[in-house]
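> Predicted coordinates and the sequence they were generated for:
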Amino acid sequence: MRVCLVFVGLLAGLLLANCSNKPKEGVPDKPTFAEHIAPIIFKNCSPCHRDSGAAPFPLTSYGQVRGKAKTIAKVTEKRYMPPWPADPSYSHFVGEKYLSDAEIATIKRWVDQGCATGKDGIYLQWKAPAWRSNIGKPDMVLPLEPVALLPNLQDRFFLVKIPGLLPRDTWVRAIEFVAGEPNLVHHFNGHILMYEPGAKKNHAKPPLNMEITSGEYDSDFIKLDLLNDNDSKPYRLHSAVNYLPGVQATAYPNGIGIFRLTKMFTIVGNDLHYGPGNRKTTDKSYINLFFTDKPPARETRELMLGTNGVSRISPPLQIEPNTRSRHSTRFQVDADISLLTVNPHLHMLGKSIKGYAIKPNGDTVKLISIPKWDFRWQYFYTFKNPVHLPAGTWIISEAEFDNTLANPNNPNRPPKRVGERLEYGGASMRAGDEMFQFILTYMLYQKGDEKISLETDER
């Protein structure tokens, strides 16, 4: 009897072992680079891991991927890469860079089995486009005047003008800032000044940039010769193009967000902020513009909660040294809106952020949750379909901050008190200070908006 029990136990163990060795669902028995790995890497990794890309090394060929194979397996298994901070179990967005469990297991199995090439896999190459863009081939590229940066570990702010000239007034479907030094460009806030015919003879007269202290703008309007020739101010399209670390520009389909650009115009960077750096380099950032022959269908608007925005932060964003704290901000919309994009923004002390809405009937709408905040990846998260929020809806954002030495990203050592200076905002934009913003792009609601696809194949 004892022998039988032992035999049964051994048999059960063998059966369990065989089950555990069976391939997971969707994971090939013998993955190859050509058939299985290259499609994953080229789609999710190569656009950043390329020559002159934002990532520190290229992953555009079999040899390069095999050279980093063990590292790739580790960082994908930990979901450290590809970077997609938003929790996919909370909400979904256009263009998610989020590997499935099967894709992660496929990479691991490929590495464990020796990185097989597959048919002609050794010759496969990711072909980089001739332009750097998240949207596609730009119709116009406007370079910023290069800025020399020194290893001085200081924040620097510039007011910049980027003049442009077109053959005629033109419809614009998207505009994009591309950072020449993505590890140093902290943010770029851009407006467009549009000059009517005859209002200005020379809008490109130097200087094209000037160093400023944080927050200056109107006082230097004259110094950069931005006024009309009669000293009046040209029409300004506010917040036309913005950038934060890791941001990828958005182009909406179906005529959403299209605007008319005059023949003579100037993009004003207010402001271009470089964070502290430890190397000597020259930043060569630029602006991409994308045109269309379609007239605008829907106007987009922006709503900013928190720092410098329309809503208070509670408790006020005053973070004492050696403490962790939680804060929230909320705003009630007074009209039916269709939410398109959300952009959470914290600095280096941020640990997590969440945004949701509560409708007048009490229903909760999950907008976004970032359980592990990463300052380097601050996307504009665009919903797959517009989210209808009726009038009376409360939009709420909650954030957690860590001002202790346990936070490896804390820029102040020892920690110091940081936070807002004014009741409704006004915090410094310097990298070592702190902010809490929840920025939303929306349009006024029309019946059927929920069915509009915000995916675009216009490339």
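Looks like it came in fine.

> before we move on, which element is the nearest residue to residue 251 once chain neighbours are set aside in?
In space, not counting the residues next to it along the chain, residue 251 is nearest to residue 174; the distance is 3.8 Å by C-beta to C-beta, 6 or more residues apart in numbering. The C-beta positions use only the backbone N, C-alpha and C, and glycine is treated the same way. Following DSSP states H and E, the helix or strand that holds residue 174 is strand 170-178.

> Dihedrals phi and psi, the closest residue to residue 33 other than its chain neighbours?
With sequence-adjacent residues excluded and distances taken as C-beta to C-beta, 6+ apart, residue 33 is closest to residue 121, at 3.9 Å. Main-chain dihedrals, residue 121, degrees, to the nearest 10: phi -60, psi -30.

> burial of residue 121, as a residue count?
Number of residues near residue 121 (other C-beta atoms under 10 Å) recorded here: 20.

> Settle this for me: it is touching residue 32, isn't it.
Yes. Here residue 121 lies in contact with residue 32, judged by C-beta atoms under 8 Å, at a distance of 5.9 Å.

> Show me the shaky parts of the stretch 151-300 of the chain.
214-220 (pLDDT under 70).

> which residues sit in contact with the residue nearest to residue 33?
When contacts are counted by C-beta atoms under 8 Å, 6 or more residues apart in numbering, residue 121 touches 32, 33, 34, 35, 38, 62.

> So which of the residues you listed wins on neighbours?
residue 33 (25 neighbours).

> pLDDT score for that one?
As predicted, residue 33 sits at a pLDDT of 96.

> backbone phi and psi for it, please?
With angles defined as degrees, to the nearest 10, residue 33 sits at phi -60, psi -50.

> what does residue 348 give?
Per-residue torsions, residue 348: phi -80, psi -20 (degrees, to the nearest 10).

> so what pLDDT did it get?
Value listed for residue 348 in the pLDDT field: 92.

> With adjacent residues omitted, what lies nearest to it?
residue 409 (4.5 Å).

> Now, the contacts of residue 121 that are in strands?
Per DSSP state E, strands hold no members of the contacts of residue 121.

> Any regions of the stretch 351-459 of the chain where pLDDT drops low?
Scanning the stretch 351-459 of the chain for pLDDT under 70 picks out 420-428, 457-459.

> One more pass at 50, please.
422-426, 458-459 (pLDDT under 50).

> returning to that earlier point: and the strand holding residue 174, how far out from the chain's middle?
16 Å (C-alpha atoms, centre = their mean, to the nearest Å).

> Give me the contact list for that strand.
132-135, 138, 188, 190, 240-243, 249-252, 257-261, 263, 285-296, 458.

> Among those residues, which are located in helices?
Judged by DSSP state H, the subset of the contacts of strand 170-178 located in helices is empty.

> Narrow the residues you listed to just the buried residues.
The neighbour count (16 or more other C-beta atoms under 10 Å) marks 132-135, 138, 188, 190, 240-243, 249-252, 257-259, 261, 285-292, 296 as buried among these.

> which ones among those are found in strands?
Among the buried ones among the contacts of strand 170-178, DSSP E puts 188, 190, 240-243, 259, 261, 286-292 in strands.

> tell me which of those is nearest to residue 94?
residue 290 (16.4 Å; C-beta to C-beta).

> Tell me if I'm right that that closest one and residue 134 touch.
No. Counting by C-beta under 8 Å, residue 134 is not a contact partner of residue 290; they are 10.9 Å apart.

> Let me know the angle separating the strand holding residue 174 from strand 286-292.
Using axes from the mean of the first three to the mean of the last three C-alpha atoms, to 10 degrees, the direction of strand 170-178 lies 150 degrees away from that of strand 286-292.

> Identify each buried residue in strand 170-178, please.
Buried-residue list, strand 170-178, by 16+ other C-beta under 10 Å: 170, 171, 172, 173, 174, 175, 176, 177, 178.

> Report the two members of the residues you listed separated by the largest distance.
The widest separation within the buried residues of strand 170-178 (C-beta to C-beta) is 21.4 Å, between 171 and 178.

> can you list the domains in the chain?
Using automatic domain parsing, the domains assigned to the chain come out as 22-123, 140-292, 301-451.

> From start to finish, how long is the last one in a straight line?
Spelled out, it's domain 301-451. End-to-end distance for domain 301-451, by C-alpha to C-alpha, to the nearest Å: 20 Å.

> Likewise for the longest one?
End-to-end distance of domain 140-292: 12 Å, with C-alpha to C-alpha as the criterion.

> ok, and the closest non-adjacent residue to residue 441?
Residue nearest to residue 441 in three dimensions, not counting chain neighbours: residue 341, with 4.1 Å by C-beta to C-beta, 6+ apart.

> What about that neighbour, how many residues nearby?
Residue 341, neighbours per other C-beta under 10 Å, totals 22.

> rewinding a little: could I get the buried residues of strand 170-178 as a markdown table with distance to residue 401?
Shown next, in a markdown table, are the buried residues of strand 170-178 (distance: C-beta to C-beta, whole Å):
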| residue | distance to residue 401 |
| --- | --- |
| 170 | 44 |
| 171 | 42 |
| 172 | 38 |
| 173 | 37 |
| 174 | 33 |
| 175 | 32 |
| 176 | 30 |
| 177 | 27 |
| 178 | 30 |
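
> from the residues you listed, which single one is nearest residue 158?
residue 177 (13.4 Å).

> which residues does that closest one bridge with?
residue 287 (DSSP bridges).

> Can you measure across stretch 36-50, start residue to end residue?
From its first residue to its last, stretch 36-50 covers 20 Å (C-alpha to C-alpha).

> For residue 157, the count of nearby residues, please.
When neighbours are counted by other C-beta under 10 Å, residue 157 registers 21.

> Test my guess that it contacts residue 189.
No. Using C-beta under 8 Å, residue 157 is not in contact with residue 189; the gap is 10.7 Å.

> what's the overlap in contacts for those two?
Common contacts of residue 157 and residue 189 (C-beta under 8 Å, 6+ apart): residue 271.

> can you give me the strands for the stretch 1-150 of the chain?
Along the stretch 1-150 of the chain, the segments classed as strands by DSSP state E, counting those that start in this stretch run 140-143, 147-149.

> in the longest one, what counts as buried?
Spelled out, that is strand 140-143. Quick answer for strand 140-143 (16+ other C-beta under 10 Å): 140, 142.

> Give me the mean pLDDT for it.
For strand 140-143, the mean pLDDT works out to 97.

> Identify the farthest-apart pair in the contacts of residue 121.
Top of the distance list for the contacts of residue 121 (C-beta to C-beta): 35 and 62, 12.4 Å.

> how close does residue 389 sit to residue 315?
26 Å (C-beta to C-beta, to the nearest Å).
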